[in-house]
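Novice: next one to model:
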Amino acid sequence: MRLLSAIMDRVDYRRINAAYSRLGRNEYPTRLLTKVWIYGYMRRMVHTRAVEAACRENLRFMYLLEGHKAPDHNTLARFRSRVLRSEIGEDLLRQVVELLIGAGFIDMANVFIDGTKIEANANKYTFVWKKGTEKQREKLNAKVAEQLPGLLAKAGIKYRLAEEIAVRHLKKIRKKLYAQKRAEGIEFVHGSGKRKTPIQRAIETVEGWIEKYKCYTRDIHICGDRNSYCKTDHDATFMHMKEDHMRNGQLKPGYNVNVATANGFIIGYYISADRSDVQTLIPFMKKLREAYPKHHPGRVVVDSGYESEDNYCWFEELEDCELYVKPSNHEARKKRKYRTDISRRENMAYDPDSDTYTCAAGKPIRYDHDKHSKSAGGLNITTSVYVCDHCKGCPLKEKCIRAGSKKPLEERSKVIYVSKRFAAQREAMEAKINTPKGKLLRVNRSIQAEGTFALTKQDLDYRRFLCRGTPKVSAEWSLLAIAANLLKLHHKLKNGRLGTGLVIPKGFPAGL
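Specialist: Have a look, this model is predicted:
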């Protein structure tokens, strides 16, 4: 508690103070509220009422308040969700990290990045799927095209229908229907025993279609690039969680939290709605380099979930940062099943002069053409396509050609798709991570990056966000990250492990 108070007294709170309105006054200094919240996260108190009760009863919280009365739970909630949103909470963490760097406790030479899924504070069953919504909209389009001409004929309305009926067309038709209603002096009726006129039926039907179109359009817009969202937290995406208590692979709304660590301390985080980590590395690295312009990471170590051609190419353009990533097929390559699979390109002989592969039957697989595409990150990718002309009647055809096509096996030929740039990058990285330095960095990634999630999720029991929306969720994680850093610092001070960067297991040469 005293260590927390001493460090947080050296932080600049001007950005936090600027987040308040200039009207009225602040009842509590932001420095005290920040200390109280961080100490609450250090003691597994994340609920506002629990922190309020601790401020009334716990001497340590009273010491941090410096004689001020206990804040109300509403005051604590507003401070966390409205004041420490996004950039302000990230700036608070950055200042703490800068203090640790200045004291020599953090060295940015080796940075380890990993991601985890944290469940959102949202209903598990109020989900919206983008593909399902698009199908419903297509069905509505067909229904409108089928029923609208007859509906207008019964109402006596003449309107030239377009090939594709949009919401603006329905609004024009509704306007004509209301004009017809006023001209004929029709009164709408409701309830049992009342007979609706064709005009009223047409108006109600068209308005129902318009509302459905608006609902489908809104849902697709909220999804954006995602496949789903939760109605109670629009920023949350449905993902597979490790905490699957029902053991049925249930999808839950959550956030993908990527964390960067150095010397065991959290130096930055990136919260996104992406279900995979591959698209998060580049924006996370840009964010880290902007946050620490004087202390750029020297080596970045990530696991196989971050491997992609985009990430390889992005790091190749950097002169002051080196990437270490385990290829996604690294573990599979060790198994005999992988090495004896004749369908894999890696197990075929390649002749660079003729640019051909040789299959297990000794037949050449010739280069056919190049396929150009763009990745999700906007990178231009060239994929070379190789085709075998000798597959007919081959005895190894069933083992060589993989299943997955509706076309009969007898009519298919062996086709290989390979990005030569990505294949070369993967082979270079495979050799790089198998060096003594690469092995040491991979071991430390498991210790430091995975150890951070062991501290936050297991020791601090933080497995579910309390707030909703990315800005508020970011504020929560910034408080948790600072709390984890101060706990780590306290443990290192007690155990005399300050300044230790890489853990060198037995058998590794010293000085790596």
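Novice: domain assignment for the chain?
Specialist: Per automatic domain parsing, the structural domains of the chain span 128-230, 332-427.
Novice: what is the mean pLDDT for the shortest one?
Specialist: The predicted model gives domain 332-427 an average pLDDT of 90.
Novice: for residue 179, phi and psi?
Specialist: Reported as degrees, to the nearest 10, the phi and psi values for residue 179 are phi -70, psi -40.
Novice: would you mind giving the domains of the chain as CSV with mean neighbour count and distance to residue 483 added?
Specialist: From N, CA and C alone the C-beta is placed, and that goes for glycine too. Shown next, in CSV, are those (neighbours: other Cβ atoms under 10 Å; distance: least, Cβ to Cβ, whole Å):
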stretch, mean neighbour count, distance to residue 483
domain 128-230, 14, 27
domain 332-427, 13, 34
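Novice: could those domains go into CSV alongside distance to residue 493?
Specialist: What follows is the domains of the chain, written out as CSV (distance: least, Cβ to Cβ, whole Å):
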stretch, distance to residue 493
domain 128-230, 42
domain 332-427, 41
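Novice: looking at those, which is nearest to residue 13?
Specialist: Nearest to residue 13 among those is domain 128-230 (34.1 Å), distances taken as Cβ to Cβ.
Novice: how long is the closest one end to end?
Specialist: 6 Å (Cα to Cα, to the nearest Å).
Novice: same deal with stretch 41-48?
Specialist: 11 Å.
Novice: buried residues in that stretch?
Specialist: Of the residues in stretch 41-48, those buried under the neighbour-count criterion (16 or more other Cβ atoms under 10 Å) are 41, 42, 43, 45, 46, 48.
Novice: ok, which pair from these is furthest apart?
Specialist: Pairwise over the buried residues of stretch 41-48, using Cβ to Cβ, the maximum falls at 42 and 48, 16.1 Å.
Novice: is residue 500 in a helix, a strand, or coil?
Specialist: Following DSSP: H, G, I helix; E, B strand; the rest coil, the label given to residue 500 is coil.
Novice: pretty sure it contacts residue 265?
Specialist: No. In this structure, residue 500 is not within contact of residue 265 by Cβ atoms under 8 Å, at 11.5 Å.
Novice: the stretch 101-250 of the chain: helices as residue ranges?
Specialist: In the stretch 101-250 of the chain, the helices defined using DSSP state H, counting those that start in this stretch lie at 130-155, 167-184, 198-223.
Novice: okay if I get those as TSV plus mean pLDDT and distance to residue 78?
Specialist: Shown next, in TSV, are the helices of the stretch 101-250 of the chain (pLDDT from 0 to 100; distance: least, Cβ to Cβ, whole Å):
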stretch	mean pLDDT	distance to residue 78
helix 130-155	91	34
helix 167-184	90	39
helix 198-223	93	26
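Novice: to residue 86, which of those lies closest?
Specialist: helix 198-223 (19.2 Å).
Novice: does residue 291 touch residue 269 like I think?
Specialist: No. Under the criterion of Cβ under 8 Å, residue 291 makes no contact with residue 269, lying 10.6 Å away.
Novice: residues shared between the contacts of those two?
Specialist: residue 90 (Cβ atoms under 8 Å, 6 or more residues apart in numbering).
Novice: comparing the two, which residue is more hemmed in?
Specialist: residue 269 (24 against 17; other Cβ atoms under 10 Å).
Novice: so which elements touch the host helix or strand of the more buried one?
Specialist: Using DSSP states H and E, residue 269 falls within strand 265-272. Contact partners of strand 265-272 among helices and strands, from 3 or more Cβ pairs under 8 Å, 6 or more residues apart in numbering; DSSP states H and E: helix 87-102, strand 251-262, helix 281-291, helix 470-495.
Novice: tell me the strands beside that strand, with direction?
Specialist: Sheet pairing of strand 265-272 (DSSP bridges) gives strand 251-262 (antiparallel).
Novice: circling back to that earlier point, which one of the helices and strands packed on strand 265-272 is the most hemmed in?
Specialist: strand 251-262 (a mean of 23; mean count of other Cβ atoms under 10 Å).
Novice: between the buried residues of stretch 41-48, which sits nearest residue 125?
Specialist: residue 46 (24.4 Å).
Novice: and that closest one, how far is that from residue 183?
Specialist: 63 Å (Cβ to Cβ, to the nearest Å).
Novice: in the stretch 251-400 of the chain, which spans are helices?
Specialist: With DSSP H, counting those that start in this stretch as the criterion, the stretch 251-400 of the chain has helices spanning 281-291, 309-316, 336-339, 397-400.
Novice: lowest average pLDDT across those?
Specialist: With a mean of 89, helix 397-400 has the lowest mean pLDDT of the helices of the stretch 251-400 of the chain.
Novice: residues in contact with that one?
Specialist: 342, 343, 359, 360, 361, 391, 394, 409, 414.
Novice: what sits against the fourth one?
Specialist: Applying Cβ under 8 Å, 6+ apart, one finds that residue 360 lies in contact with 342, 347, 348, 396, 399, 400.
Novice: and for the second one?
Specialist: Taking Cβ under 8 Å, 6+ apart as the criterion, residue 343 is in contact with 399, 400, 401, 402.
Novice: between residue 500 and residue 265, point out the one with more neighbours.
Specialist: Neighbours per residue, other Cβ under 10 Å: of residue 500 and residue 265, the larger number sits with residue 265, 22 against 14.
Novice: relative to residue 478, how far out is the nearest residue to that one once chain neighbours are set aside?
Specialist: Distances taken as Cβ to Cβ, 6 or more residues apart in numbering place residue 485 nearest to residue 265, at 5.0 Å, with adjacent residues excluded. Residue 485 sits 11 Å away from residue 478, taking Cβ to Cβ as the criterion.
Novice: shared neighbours, those two?
Specialist: Counting by Cβ under 8 Å, 6+ apart, the common neighbours of residue 485 and residue 478 are residue 93.
Novice: distance to residue 93 and secondary structure added to the buried residues of stretch 41-48, as a markdown table?
Specialist: Shown next, in a markdown table, are those (distance: Cβ to Cβ, whole Å; DSSP: H, G, I helix; E, B strand; the rest coil):
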| residue | distance to residue 93 | secondary structure |
| --- | --- | --- |
| 41 | 12 | helix |
| 42 | 14 | helix |
| 43 | 19 | coil |
| 45 | 19 | coil |
| 46 | 17 | coil |
| 48 | 21 | helix |
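Novice: export those residues to a markdown table and tack on pLDDT and distance to residue 282?
Specialist: Converted to a markdown table, the buried residues of stretch 41-48 look like this (pLDDT from 0 to 100; distance: Cβ to Cβ, whole Å):
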| residue | pLDDT | distance to residue 282 |
| --- | --- | --- |
| 41 | 96 | 30 |
| 42 | 95 | 33 |
| 43 | 94 | 37 |
| 45 | 94 | 36 |
| 46 | 94 | 31 |
| 48 | 95 | 36 |
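Novice: closest to residue 127 out of those residues?
Specialist: residue 46 (25.5 Å).
Novice: phi and psi next, for the closest one.
Specialist: Torsion angles, degrees, to the nearest 10, at residue 46: phi -110, psi -10.
Novice: is it true that it touches residue 40?
Specialist: Yes. In terms of Cβ under 8 Å, residue 46 counts as a neighbour of residue 40; the distance is 6.7 Å.
Novice: if we can go back for a sec, now do the strand holding residue 269 and helix 470-495, the angle between them.
Specialist: Put simply, strand 265-272 runs at 160 degrees to helix 470-495, going by axes from the mean of the first three to the mean of the last three Cα atoms, to 10 degrees.
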